[in-house]
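Enquirer: For reference, the sequence and a predicted model appear below.
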Amino acid sequence: NGRKVSFKNTVVIMTSNIGASLISNNKGSIGFSGDNSENARNEKNRKLVIEEVKKTFKPELVNRIDELIVFDLLTKDEIKEITNNLLENVKKRLNEKNIEIDSYLGNYAYALAEAFLEENDIYSAIYMYKNSIYYHNNTKHVIPEDYIYTTHALANLYLELDSIPQAQSLYLKELDELKKLQDTLSITNRKIVLSILGNIFVQQLDTTQVLSTLNELDYLLCTQPDVRDSVYDWIHWELAFTYSDLKQYDNSAKHYLCLWDKLKRKQIAYGSEYIAIANGLSTLYFLKADSLFYANEYKKSIVEYNNALPFTQIIQDTSMYVVSLNNLWEAYVSLNLLSSADSIMNILIQQPLVYHTIRSLGNCGTSVLSRKDYNTAILFYKEKLNRLQRAQNFSNEEYAYALSSLANCYQYQQKFEISDSLNLLSLKYYGQQYCGRYNEDYAFLLSNIASSYLRKKDTVQYLNYQIEAVDYARKHPNSHTFILLVNLAS
């Protein structure tokens, strides 16, 4: 309109998207910048854009521009803030018209969380999961399934990060919501959550919560059976162990027997599974016998082992078979059924060369030695030594201990020359094994040798070995040092 305008105090700002494609190619995605070397990336982008500007515009124009400013890429935190502000603005405007969109925002935040997870951006995913839970919680018409699903996803994420308290809190909230629903899917999900919580409480050694949680799960498994429930066998194991620790042996036995019945219904059951259950029951009956003096409970353990042995032989699980035989032998000895124990012992000796067989031979030797059957004990210890020699990597400690036990047998028979030579050989093997490191058996072995000289009334040699034992033990003082000192004083 013919007006004149003064440009004297004017700042002219020009914007352009020149170089945007180069930045996109350099970053890999438009609008986001990662945390790693962000400053270096922005500086590189600045150089790329300025070079592109100089190629696009003529030098006469570029040289008249006071400053070229390249804006940094938006970070994820900034984008989240912008998104939240926009969403809140939309929400406020819609609320004025009585239109509610919280549930949609919750689903949108959940989708964003899943997207962040795909990019391995864990903490952004946690942030969006929390937003999703917030929106689902604050909607007037709550959709429980959406809230439960999001809560479970966030709890699982915390569990993966070993943030156990946060995960536990969310699982408990999810469980409360699931209890309000009674459909089949909700009951299945309750079982899943209870099993997870059970594992958490087991790791925390919280016996009360373990029992409460697993009993609830056990009740659901009994009253609401499902074809997928076979994966929850571990619950019976945990309840059996927990009840046993609490000395509630009858409740513990109930869950062992439940596992036993389940095994019988299986098309394919391994002998080792029967052995494990029989072993648990046997230990249970042993504890019950100790605390309540029910010696007849040992007979039940024998029945369980006899049931398990055929299955073990079928699958040729030699190690487990020997363990069962050894436990069965101990049960017979506890009942003082020595002829039955001896028959099991004969079976043990004929087993292939496995570690448990060698250990069992030593246990058998110790048992008959306590009955003052020295000749039988000698046979067992000799057989143990023979098997140790045939083993590819036998332990010097184990061999030395067997020699020392055999020496004790000859001491009781007053065959001191044989006993002394075996004890000295035992010392040699202990020395090879420990090379100066402390071992209490070595100190007691020296004391045993001293005792053999005392029986021969050779006081000088007795004192030499007893003092050597005490000096050795004094270098590594513990409760055994006191015992050795008492021996020396006497």
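Expert: Ah, there it is.
Enquirer: which residues in the stretch 51-200 of the chain form helices?
Expert: 59-62, 76-95, 102-118, 122-138, 144-160, 164-179, 184-203 (DSSP state H, counting those that start in this stretch).
Enquirer: Same question for the stretch 301-450 of the chain.
Expert: Taking DSSP H, counting those that start in this stretch as the criterion, the stretch 301-450 of the chain carries its helices at 318-334, 338-349, 355-370, 374-390, 396-412, 416-434, 440-455.
Enquirer: quick revisit: using a markdown table, lay out the helices of the stretch 51-200 of the chain together with mean neighbour count, mean pLDDT and distance to L214.
Expert: For the C-beta atoms, the positions are set from N, CA and C on the backbone; glycine is no exception. Below are the helices of the stretch 51-200 of the chain laid out as a markdown table (neighbours: other C-beta atoms under 10 Å; pLDDT from 0 to 100; distance: least, C-beta to C-beta, whole Å):
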| stretch | mean neighbour count | mean pLDDT | distance to L214 |
| --- | --- | --- | --- |
| helix 59-62 | 10 | 90 | 75 |
| helix 76-95 | 13 | 78 | 41 |
| helix 102-118 | 18 | 80 | 31 |
| helix 122-138 | 19 | 84 | 28 |
| helix 144-160 | 19 | 87 | 18 |
| helix 164-179 | 17 | 90 | 13 |
| helix 184-203 | 18 | 84 | 5 |
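Enquirer: Ok, which of those comes nearest S360?
Expert: Each of these has some distance to S360 by C-beta to C-beta; the shortest is helix 184-203, at 32.0 Å.
Enquirer: tell me the angle of that closest one relative to helix 144-160?
Expert: Inter-element angle recorded for helix 184-203 and helix 144-160: 20 degrees (by axes from the mean of the first three to the mean of the last three C-alpha atoms, to 10 degrees).
Enquirer: which other helices and strands contact helix 184-203?
Expert: Under the contact definition 3 or more C-beta pairs under 8 Å, 6 or more residues apart in numbering; DSSP states H and E, helix 184-203 sits against helix 144-160, helix 164-179, helix 207-223, helix 233-245.
Enquirer: Next, format the helices of the stretch 51-200 of the chain as TSV and append distance to A40.
Expert: What follows is the helices of the stretch 51-200 of the chain, written out as TSV (distance: least, C-beta to C-beta, whole Å):
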stretch	distance to A40
helix 59-62	25
helix 76-95	18
helix 102-118	24
helix 122-138	22
helix 144-160	31
helix 164-179	35
helix 184-203	43
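Enquirer: Which one of those helices lies nearest to L246?
Expert: Among the helices of the stretch 51-200 of the chain, helix 184-203 comes nearest to L246, with 13.9 Å by C-beta to C-beta.
Enquirer: now what about the closest one, what contacts it?
Expert: Contact partners of helix 184-203, identified using C-beta atoms under 8 Å, 6 or more residues apart in numbering, comprise 148, 152, 159, 164, 167-168, 171-172, 174-175, 178-179, 209-210, 213-214, 216-217, 220-221, 224, 226, 228-229, 232, 235, 238.
Enquirer: if we compare the helices of the stretch 51-200 of the chain, which one ends up closest to A377?
Expert: Of all the helices of the stretch 51-200 of the chain, helix 184-203 sits nearest to A377, with 42.8 Å by C-beta to C-beta.
Enquirer: can you give me how far that closest one is from the chain middle?
Expert: Centroid separation for helix 184-203 versus its chain: 18 Å, with C-alpha atoms, centre = their mean, to the nearest Å.
Enquirer: Now do stretch 162-176: everything it contacts.
Expert: With contact meaning C-beta under 8 Å, 6+ apart, stretch 162-176 is reached by 148, 151-152, 154-156, 158-159, 190, 193-194, 196-197, 200, 203-204.
Enquirer: what's the neighbour count on K428?
Expert: Residues lying near K428 (other C-beta atoms under 10 Å) number 13.
Enquirer: ignore the last one, K254
Expert: Close neighbours of K254, defined as other C-beta under 10 Å, add up to 15.
Enquirer: can you check Q182 too?
Expert: With neighbours defined by other C-beta under 10 Å, the count for Q182 comes to 9.
Enquirer: per-residue confidence at it?
Expert: Here the pLDDT value assigned to Q182 is 76.
Enquirer: cool, and G31?
Expert: What the model reports as pLDDT for G31 is 44.
Enquirer: Ok, N336 next?
Expert: Predicted confidence (pLDDT) for N336: 74.
Enquirer: Then W329?
Expert: 75.
Enquirer: Alpha carbons of stretch 121-140, in CSV - could you do that?
Expert: These are the backbone C-alpha positions of stretch 121-140, laid out as CSV (Å, rounded to 0.1, in the frame of the first residue of the first chain):
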residue,chain,number,x,y,z
ASP,A,121,15.3,-49.5,25.6
ILE,A,122,14.3,-51.1,28.9
TYR,A,123,13.8,-48.0,31.0
SER,A,124,11.7,-46.2,28.4
ALA,A,125,9.6,-49.4,28.3
ILE,A,126,9.1,-49.3,32.1
TYR,A,127,8.1,-45.6,31.9
MET,A,128,5.4,-46.3,29.2
TYR,A,129,4.2,-49.4,31.1
LYS,A,130,3.7,-47.3,34.2
ASN,A,131,1.8,-44.7,32.1
SER,A,132,-0.4,-47.5,30.7
ILE,A,133,-1.2,-48.7,34.2
TYR,A,134,-2.0,-45.2,35.3
TYR,A,135,-4.4,-44.6,32.4
HIS,A,136,-6.1,-48.0,32.9
ASN,A,137,-6.5,-47.3,36.6
ASN,A,138,-8.0,-43.8,36.1
THR,A,139,-10.6,-44.6,33.5
LYS,A,140,-14.3,-44.5,34.7
